[in-house]
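Enquirer: Provide a 3D model corresponding to the input given below.
(one chain, ligands or ions: 1)
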Amino acid sequence: MKLTIIGSGYVGLTTGACFAEIGHHVMCVDNNQKKIDSLLAGKIPIYEPGLEPIVRKNVVSKRLQFTTSTSQGVDHGEVIFIAVPTPPQDDGSVDLSFIEKVAREIAVCLDSYRVIVDKSTVPVKTGDRVSQTIRRYARPGVEFDVVSNPEFLREGSAVDDLMHPDRIVIGGNSDRALAVMQKVYEPFVAPVLITDINSAELIKHAANSFLALKISYINAISELCEIAGADVEKVAEGIGMDKRIGRSFLNAGLGYGGSCFPKDIAAFIAIADQLGKPFNLLKEVQNINARQFSRFLDSIREALWLFKEKKIAVWGLSFKPNTDDVRSSVAVNIVEALVKDGADVTVYDPKAMEKFKELPLAASVKLAESPLEAARGAEALIIATEWPEFAAIDLTELRDAMHTPLIFDGRNLLDPSAALAYGFQYRGIGRGTLPEAT
Ligand code: UDX
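Expert: Sure, this is the predicted structure:
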């Protein structure tokens, strides 16, 4: 089928590439000429495992095209996906101006039936607004349908998530559009859930909020573990073995970050407020997430006393492993807090150094080329992102490199008994059964 994706950011680009890989003819549209030029040259603006070869291959086979022209895109695709950013506003609500603009742009180009799909994460009832907008700006009598088809991909495993989704959610109010959408997804082996538009839009915010809730739940338990003398890893294992609960998203740590959870939880709270039903449970999810961060900093302060002039190494900058994305990264927030209090910080990340260098904060820290280089002479090491290469580090070399063998493991990455056996003082999250770091 001929498909068009408007917006070639994380979701748009990976979705377009995967649709092309599965056999569709895809045109990706973006208003950023520089981005389109580099994509045409086979350069991917993000680090996402497996994405680059798929883009290259499908550009060569001409199943994947790029353009800056919306009218070319509307002309090409029988289905037009909107995958533009929906950034947060100061009050947490979603800025829908990009969606609205694209709806108008599509409308004026429409000359025959198209299915227009909201792929971006949007508040419930946005589909109605998109429909009204297109109707208002399109020439009279032109036929179209609007569908909601939320995307559940995770950064770092986006290609796999797209090619092998847990489910495909399609929300639409017209049989004609739903039939077209089922054809789009025919090559994928996954359950398809058909709903009305409002329900599909709600599913996305409800799903992300539930995952964040699971994280905050285990983080709240981690605090209890520290006070009571229990190990949150064992507790997570024990409750996760219940099939009704499941072990995933019960990893205690510094809390959730990234470009989705903080924004989507705030948006869902704002949506509930607008609907007149304050969602206090989610407000507590946010509070726990913030507390996890401050508790961690407090525990470092307790051990080091003042940060000023202390040499501190930070491993990890991306908001999670297998991505170079540093947006709303808790790791970056940690670095920022240390720098603010005058610490002498050296950072290392396997993939996110380049993206980190674009932040003004980078000028205030030293950038190392390896984990060991970052740790050299350090009075404390903070593990802020659970990259597998950190877990594989030689603990003897690490201990010898550091001034003081003191580890704050914000992601419970290391085996505490191994760290203790190698002479480290070790402080994880929710590991109340270990000797305290001093
Ligand atoms: C998330 C959703 O998982 C995905 O379905 C949606 O489409 C977009 O938002 P993503 O932001 O890429 O994906 O990352 P995810 O793997 O969900 O992690 C989000 C944050 O939660 C990270 O900061 C991660 O470190 C943290 N996290 C995750 C935990 O702290 N503990 C966990 O157990 C899991």
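
Enquirer: distance of Lys283 from Leu224?
Expert: According to C-beta to C-beta, to the nearest Å, Lys283 and Leu224 sit 20 Å apart. C-beta: built from backbone N, CA, C; applies to glycine.

Enquirer: ok, now Arg114?
Expert: Following C-beta to C-beta, the distance that separates Arg114 from Leu224 is 54 Å.

Enquirer: Which helix or strand in this structure has the lowest average pLDDT?
Expert: Least confident helix or strand, the chain: helix 33-40 with a mean of 90, by mean pLDDT, DSSP states H and E.

Enquirer: What are the contacting residues of it?
Expert: Ser8, Leu13, Cys28, Asp30, Pro45, Val55, Val59, Phe66, Thr67, Thr68 (C-beta atoms under 8 Å, 6 or more residues apart in numbering).

Enquirer: wait, doesn't Gly240 sit right on Asn251?
Expert: No: counting by C-beta atoms under 8 Å, Gly240 does not reach Asn251; the two are 10.0 Å apart.

Enquirer: Neighbour count: the two, which is higher?
Expert: Neighbours around Gly240 and Asn251, counted as other C-beta atoms under 10 Å, are more numerous at Asn251. The numbers are 20 against 17.

Enquirer: how about that one, secondary structure?
Expert: Under DSSP: H, G, I helix; E, B strand; the rest coil, Asn251 falls in the coil class.

Enquirer: contacting residues for it?
Expert: Counting by C-beta under 8 Å, 6+ apart, Asn251 has contacts Ile215, Ile218, Ala236, Arg411, Asn412.

Enquirer: And the third one, its phi and psi?
Expert: Meaning Ala236. Backbone geometry at Ala236, expressed as degrees, to the nearest 10, gives phi -60, psi -40.

Enquirer: Show me what from this structure comes close to the ligand.
Expert: Near the ligand, the residues belonging to the chain are 151-155, 208, 211, 215, 249-251, 253, 256-258, 260-261, 319-320 when assessed by C-beta under 6 Å from any ligand atom.

Enquirer: Could you rerun that using 5 Å?
Expert: 152, 154-155, 215, 249, 251, 253, 256-258, 260, 319-320 (C-beta under 5 Å from any ligand atom).

Enquirer: Top of these by number of neighbours, please.
Expert: Counting neighbours by other C-beta under 10 Å, the top entry in the residues of the chain next to the ligand is Phe319, with 28 neighbours.

Enquirer: Thought Ala384 was touching that one, still the case?
Expert: No: Phe319 is not in contact with Ala384 according to C-beta under 8 Å; the separation is 9.6 Å.

Enquirer: any residues in contact with both of these two?
Expert: Common neighbours of Phe319 and Ala384 (C-beta under 8 Å, 6+ apart) are Val330, Ala331.

Enquirer: So Val180: helix, strand or coil?
Expert: helix.

Enquirer: what's the closest non-adjacent residue to it?
Expert: Sequence neighbours aside, Val115 is the residue nearest to Val180 in space, at 4.9 Å (criterion: C-beta to C-beta, 6 or more residues apart in numbering).

Enquirer: can I assume the one you found sits in a helix?
Expert: No: when classified by three-state DSSP, Val115 is found to be strand rather than part of a helix.

Enquirer: That one and Ile407, how far apart?
Expert: Taking C-beta to C-beta, one finds Val115 at 53 Å from Ile407.

Enquirer: what about these two, which has more around it?
Expert: Ile407 (29 against 24).

Enquirer: How is the protein partitioned into domains?
Expert: Per automatic domain parsing, the structural domains of the chain span 2-195, 196-438.

Enquirer: Looking at the last one now, give me its mean pLDDT.
Expert: Per-residue pLDDT values over domain 196-438 give a mean of 96.

Enquirer: For it, what is the distance to the chain centroid?
Expert: 14 Å (C-alpha atoms, centre = their mean, to the nearest Å).

Enquirer: on that earlier part again, settle it for me: which of Arg114 and Leu224 has more neighbours?
Expert: Taking other C-beta under 10 Å, Arg114 and Leu224 do not tie; Arg114 has more neighbours (25 against 13).

Enquirer: before we move on, the earlier item: can you pull the buried residues of the least confident helix or strand of the chain?
Expert: Neighbour counts using 16 or more other C-beta atoms under 10 Å place Lys35, Ile36, Leu39 of helix 33-40 among the buried residues.

Enquirer: Could you do stretch 364-375 as well?
Expert: Buried residues in stretch 364-375, counted by 16+ other C-beta under 10 Å: Val365, Ala368, Pro371, Leu372, Ala374, Ala375.

Enquirer: Against which helices or strands is whatever helix or strand the fifth one lives in packed?
Expert: According to DSSP states H and E, Ala374 maps onto helix 371-375. If you count contacts as 3 or more C-beta pairs under 8 Å, 6 or more residues apart in numbering; DSSP states H and E, helix 371-375 packs onto strand 311-315, strand 344-348, helix 395-401.

Enquirer: I would like the residues contacting the last one, please.
Expert: Residues lying outside helix 395-401 but in contact with it, judged by C-beta under 8 Å, 6+ apart, are 371-372, 375-378, 381, 405, 418-419, 422-424.

Enquirer: and the two most separated of those residues?
Expert: The most widely separated members of these, counting by C-beta to C-beta, are Gly377 and Ala418 (22.7 Å).

Enquirer: okay if I get the residues of the chain next to the ligand as TSV plus distance to Ile300?
Expert: As requested, the residues of the chain next to the ligand are arranged in TSV below (distance: C-beta to C-beta, whole Å):
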residue	distance to Ile300
Phe152	35
Arg154	29
Glu155	27
Ile215	21
Phe249	26
Asn251	20
Gly253	15
Tyr256	20
Gly257	18
Gly258	23
Cys260	27
Phe319	20
Lys320	21
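
Enquirer: Now secondary structure too, for those, in TSV please.
Expert: As requested, these are arranged in TSV below (three-state DSSP):
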residue	secondary structure
Phe152	coil
Arg154	coil
Glu155	coil
Ile215	helix
Phe249	coil
Asn251	coil
Gly253	coil
Tyr256	coil
Gly257	coil
Gly258	coil
Cys260	coil
Phe319	coil
Lys320	coil
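
Enquirer: now, which of the contacts of helix 33-40 lie within helices?
Expert: Using DSSP state H, Leu13, Val55, Val59 are the members of the contacts of helix 33-40 that sit in helices.

Enquirer: just those now: which is nearest the ligand?
Expert: Of all these, Leu13 has the smallest distance to the ligand: 14.3 Å, by C-beta to the nearest ligand atom.
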